[in-house]
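Peer 1: Quick one: sequence plus predicted model below, questions after.
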Amino acid sequence: MNPKWLLVATFVGGAALSWGVYVPLVHLATTKIGSNMRAFLMVGVAYFLVAVLVPSLFIFVLKSDPTARPNVNWAAGNLLWGLLAGISGAIGALCVIFATRDANALAGSYGPLLVAPLVFAGAPIINTIAQMTIFAHGQKLPAPSPQFYAGLCMAAVGMVMVMVYKPAAPTSPVGKGPAAAAPTAASGNAARP
């Protein structure tokens, strides 16, 4: 096996780990801050810190881009693709913010637990379709094996199973709904003869 696959696996693991904790962290942030939009603002600040400052440090300060190919081309049309990728990622993050909010309203504390499996099972399916059609750029890609398609079907089935077998929202015990407001001293005294 090519040793470079170990490096690929390391970065894939890093992406899976960071994206795997993204939804729980977003939910915690929105809960603690008390606002989905303000939590999303902090996500944007984090994007700036990681996606603007780190590459700027490498490219402009250290004069070292470990990812550069010999034909770096800063043409506006080429940069647009990077902007579109960033916009796509930011829209996805905003959708996760709102999905988490709405799932929390529908399923209580279990709501955010449902968002990540749905997003991260749906994304590979869409990625595969897009990569094999729109982003193939006229290349004739070799036909994937039946097992590849079986994996995509399993991801889709997994999404359905998450929704069908989702945990029920916590409920209060029967006959013990929200506690009635206790009468205040003033109202209690006013009722006395």
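Peer 2: Arrived safely, thanks for sending.
Peer 1: from here on, contacts and neighbour counts on C-alpha atoms
Peer 2: Will do.
Peer 1: Let me see the contact set for the closest residue to Ala93 other than its chain neighbours.
Peer 2: Computed as C-alpha to C-alpha, 6 or more residues apart in numbering, the closest residue to Ala93 that is not its neighbour in sequence is Phe40, at 7.8 Å. Phe40 sits next to Ala93, Leu94, Ile97 when contact means C-alpha atoms under 8 Å, 6 or more residues apart in numbering.
Peer 1: Quickly find the element holding the first one.
Peer 2: Read it as Ala93. When elements are defined using DSSP states H and E, Ala93 is found to belong to helix 76-107.
Peer 1: neighbours around Ala107, how many?
Peer 2: Number of residues near Ala107 (other C-alpha atoms under 10 Å) recorded here: 17.
Peer 1: That one and Val115 touch, don't they?
Peer 2: No: with contact defined as C-alpha atoms under 8 Å, Ala107 does not count as touching Val115 (11.0 Å).
Peer 1: From Thr31, how far out is Pro124?
Peer 2: Remark: distance between Pro124 and Thr31 (C-alpha to C-alpha, to the nearest Å) = 29 Å.
Peer 1: same check, this time on Phe135
Peer 2: Counting by C-alpha to C-alpha - Phe135 and Thr31 are separated by 38 Å.
Peer 1: How about Pro144?
Peer 2: On the measure of C-alpha to C-alpha, Pro144 and Thr31 end up 43 Å apart.
Peer 1: So if I had to pick from these two, which one is more boxed in?
Peer 2: For Pro144 versus Thr31, neighbours defined as other C-alpha under 10 Å are more numerous around Thr31 (13 against 8).
Peer 1: what does the helix or strand harbouring the more buried one contact?
Peer 2: Assigning secondary structure by DSSP H and E places Thr31 in helix 22-33. Contacts to helix 22-33, defined as C-alpha under 8 Å, 6+ apart, come from residues Asn36, Arg38, Ala39, Val96, Ile97, Thr100, Arg101, Pro112, Leu113, Val115, Ala116.
Peer 1: got the buried residues for the next helix or strand after that helix?
Peer 2: Per DSSP H and E, the first helix or strand lying C-terminal to helix 22-33 is helix 36-48. Buried positions in helix 36-48, judged by neighbour count with 16 or more other C-alpha atoms under 10 Å: Asn36, Ala39, Phe40, Val43, Gly44.
Peer 1: tell me the mean pLDDT over helix 36-48?
Peer 2: Along helix 36-48, the predicted confidence averages to a pLDDT of 95.
Peer 1: Dump it to PDB, restricted to CA.
Peer 2: The C-alpha atoms that make up helix 36-48 are tabulated as PDB, following Å, rounded to 0.1, in the frame of the first residue of the first chain:
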ATOM      1  CA  ASN A  36     -28.600  30.900  16.200                       C
ATOM      2  CA  MET A  37     -27.500  33.900  14.300                       C
ATOM      3  CA  ARG A  38     -25.000  34.900  16.800                       C
ATOM      4  CA  ALA A  39     -23.600  31.400  17.000                       C
ATOM      5  CA  PHE A  40     -23.400  31.500  13.200                       C
ATOM      6  CA  LEU A  41     -21.500  34.800  13.400                       C
ATOM      7  CA  MET A  42     -18.900  33.000  15.600                       C
ATOM      8  CA  VAL A  43     -18.700  30.200  13.000                       C
ATOM      9  CA  GLY A  44     -17.900  32.900  10.500                       C
ATOM     10  CA  VAL A  45     -15.200  34.400  12.700                       C
ATOM     11  CA  ALA A  46     -13.700  30.900  13.100                       C
ATOM     12  CA  TYR A  47     -13.800  30.500   9.300                       C
ATOM     13  CA  PHE A  48     -11.900  33.800   9.000                       C
END
